[in-house]
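Visitor: show me the folded form of this:
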Amino acid sequence: MKLNFLSGFAATAFTVVLFLCLSSYGSSDGGQKTGSAATHVKVATAALKSNRITISYPGKVIPREDVNVSFRIAGPISRIKVKQGQQVRKGEVLAEMDDRDYKIQFSATEAEYLQVKAEAERVITLSDRNSVSKNDRDKAVYGLQQITAKYNAHKNALEDTKLRAPFDGYVQKVNFSAGEPVSAGLPVISMISGSAPEVEINIPSEDFIKRSMFCDFYCMLKVYPDKTFPIRLVNITKKANLNQLFTARFAFESDLSGSDVPYAGMSAMVYIRYDYGTENLVSIPIGALFEEDGKNMVWVLENDNTVNKRAVSIVEIKREGVVSLSDGVRDGEQVVTAGVHSLIPGQKVKVMAPETETNVGNLL
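Guide: Model prediction:
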């Protein structure tokens with residue numbers, strides 16, 4: 001009697017557990033399919049944008065010429081004639097080298113030159129009268145050429161004891177003092193040109209390949225925030241640096257004789273306008289972008305409230321969070337701007353109503 005009771009109880013318990021398991025499985029599976037609500041998303045409408053955009057790059061004002069001036073010969077410096085910051089003219093003597101040995105050398109060469117020159121002229125005169133052989137004439141001519149070259153070399157060496165300014169400009173730095181010996185080619189004085197400065201920036205490779213689209217340039221300086229300086233492109237290096245940036249130089253086109261004058265070393269912001277021709281650009285919020293397999297993608301809302309992803313090409317990213325696209329999205333199409341990482345292609349979505357002044361955050 002006791003065994004029958006236990007057996008009946010066990011069978012009843014097993015039946016109840018099996019029923020609960022089946023009910024739980026069915027409700028979880030079926031509920032997920034039939035009871036799930038559409039995902040709520042925020043959207044924004046792509047707007048048509050001008051095909052001419054402006055991108056800015058930080059840069060700095062640099063001198064048109066920045067050189068290190070050095071002696072072409074070696075010896076001790078006898079005199080430095082300029083100071084740091086001094087304005088100089090082209091050809092003005094900046095420093096002098098002790099020329100004692102070079103004067104002696106030139107004097108000896110000059111005496112030899114005058115002697116050989118006189119003898120050569122006599123031989124050439126006699127040769128014209130057929131009084132000497134052709135061989136003697138050739139020796140005289142070549143001997144005169146040789147001593148003339150030596151004479152000019154020693155004359156130039158004596159002249160090179162004076163270090164002269166290569167252009168009008170300013171002394172930036174003096175590296176030596178009087179009495180110090182220097183080797184040939186060792187920088188003695190640094191100079192910058194006094195002509196109008198230039199502006200230098202570094203642009204990424206993505207913009208370098210679009211340089212044919214450059215159509216207009218201007219820059220602004222931090223110290224003159226209310227003034228715009230028109231500039232023109234001088235050149236762009238054809239080799240990127242270690243940071244994959246290309247250096248571009250620009251010259252000022254406006255008259256720089258006023259009070260707001262740019263000086264070398266000042267910070268600048270250069271603006272370049274791109275012209276994309278007839279290509280239409282659209283703008284969308286930056287929050288609509290996500291990356292997949294190295295490509296920039298967006299979710300586009302279809303007419304049946306489903307979403308599909310598309311690859312897009314970014315042209316410009318503005319500081320206010322707006323992105324300009326050259327393809328992938330058309331004017332008037334809606335893109336998802338919130339929840340982009342939780343969607344799948346073809347998924348049904350429900351568009352959230354836009355915020356109003358009386359319902360900030362859509363809380364009501």
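Visitor: return the list of helices and strands in contact with the helix or strand that contains Phe106.
Guide: Assigned by DSSP states H and E, Phe106 belongs to helix 100-128. Where contact means 3 or more Cβ pairs under 8 Å, 6 or more residues apart in numbering; DSSP states H and E, helix 100-128 is packed against helix 134-159. Where you see a C-beta, it was placed from the backbone N, CA and C, and this is true even at glycine.
Visitor: show the average pLDDT along the following helix or strand past the helix it packs on.
Guide: Next along the chain after helix 134-159, taking DSSP H and E as the criterion, comes strand 162-164. Taken as a whole, strand 162-164 has an average pLDDT of 96.
Visitor: after strand 162-164 comes which helix or strand?
Guide: Per DSSP H and E, the helix or strand that comes after strand 162-164 is strand 169-174.
Visitor: and that next one, which strands flank it?
Guide: strand 87-88 (antiparallel), strand 187-193 (antiparallel) (DSSP bridges).
Visitor: TSV for these, including mean pLDDT?
Guide: Below are these laid out as TSV (pLDDT from 0 to 100):
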stretch	mean pLDDT
strand 87-88	94
strand 187-193	95
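Visitor: name the residues of the helix holding Phe106 that are buried.
Guide: Within helix 100-128, the residues scored as buried using 16 or more other Cβ atoms under 10 Å are 102, 105-106, 109, 113, 116-117, 120, 123, 127.
Visitor: which of these lies closest to Lys238?
Guide: Tyr102 (43.6 Å; Cβ to Cβ).
Visitor: low-confidence ranges in the stretch 151-300 of the chain?
Guide: 258, 277-279 (pLDDT under 70).
Visitor: mind listing the helices for it?
Guide: For the stretch 151-300 of the chain, the helices defined by DSSP state H, counting those that start in this stretch cover 205-208.
Visitor: all strands of it, in order?
Guide: Taking DSSP state E, counting those that start in this stretch, the strands of the stretch 151-300 of the chain run over residues 162-164, 169-174, 181-182, 187-193, 198-204, 214-221, 224-236, 245-252, 267-275, 281-285, 290-292, 295-301.
Visitor: and those as a markdown table, adding distance to Val315 and mean neighbour count?
Guide: Formatted as a markdown table, the strands of the stretch 151-300 of the chain follow (distance: least, Cβ to Cβ, whole Å; neighbours: other Cβ atoms under 10 Å):
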| stretch | distance to Val315 | mean neighbour count |
| --- | --- | --- |
| strand 162-164 | 52 | 18 |
| strand 169-174 | 41 | 18 |
| strand 181-182 | 54 | 16 |
| strand 187-193 | 38 | 19 |
| strand 198-204 | 13 | 19 |
| strand 214-221 | 14 | 17 |
| strand 224-236 | 20 | 13 |
| strand 245-252 | 18 | 19 |
| strand 267-275 | 8 | 18 |
| strand 281-285 | 6 | 21 |
| strand 290-292 | 17 | 11 |
| strand 295-301 | 11 | 20 |
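Visitor: could you dump those strands into JSON lines with distance to Gln347 added?
Guide: JSON lines is the format used below for the strands of the stretch 151-300 of the chain (distance: least, Cβ to Cβ, whole Å):
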{"stretch": "strand 162-164", "distance to Gln347": "77"}
{"stretch": "strand 169-174", "distance to Gln347": "65"}
{"stretch": "strand 181-182", "distance to Gln347": "77"}
{"stretch": "strand 187-193", "distance to Gln347": "63"}
{"stretch": "strand 198-204", "distance to Gln347": "36"}
{"stretch": "strand 214-221", "distance to Gln347": "42"}
{"stretch": "strand 224-236", "distance to Gln347": "46"}
{"stretch": "strand 245-252", "distance to Gln347": "41"}
{"stretch": "strand 267-275", "distance to Gln347": "36"}
{"stretch": "strand 281-285", "distance to Gln347": "20"}
{"stretch": "strand 290-292", "distance to Gln347": "15"}
{"stretch": "strand 295-301", "distance to Gln347": "9"}
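Visitor: do you know which of the ones you listed lies nearest Ala44?
Guide: strand 281-285 (5.1 Å).
Visitor: what comes into contact with the closest one?
Guide: 44, 46-51, 53, 298, 315, 321-326, 329-331, 335, 337 (Cβ atoms under 8 Å, 6 or more residues apart in numbering).
Visitor: mind putting the buried residues of helix 100-128 in CSV, pLDDT and distance to Gln86 included?
Guide: Putting those into CSV (pLDDT from 0 to 100; distance: Cβ to Cβ, whole Å) gives the following:
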residue, pLDDT, distance to Gln86
Tyr102, 96, 26
Gln105, 96, 32
Phe106, 96, 30
Thr109, 96, 36
Tyr113, 95, 39
Val116, 94, 45
Lys117, 94, 43
Ala120, 92, 48
Val123, 92, 54
Ser127, 86, 57
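Visitor: pull the most distant pair out of those residues.
Guide: So, the buried residues of helix 100-128 by Cβ to Cβ: farthest apart are Tyr102 and Ser127, at 35.8 Å.
Visitor: what is the neighbour count of the residue lying closest to Gly321 once chain neighbours are set aside?
Guide: Nearest in space to Gly321, with sequence neighbours left out and distances taken as Cβ to Cβ, 6 or more residues apart in numbering, is Ile286 at 4.7 Å. Using other Cβ atoms under 10 Å, Ile286 is surrounded by 13 other residues.
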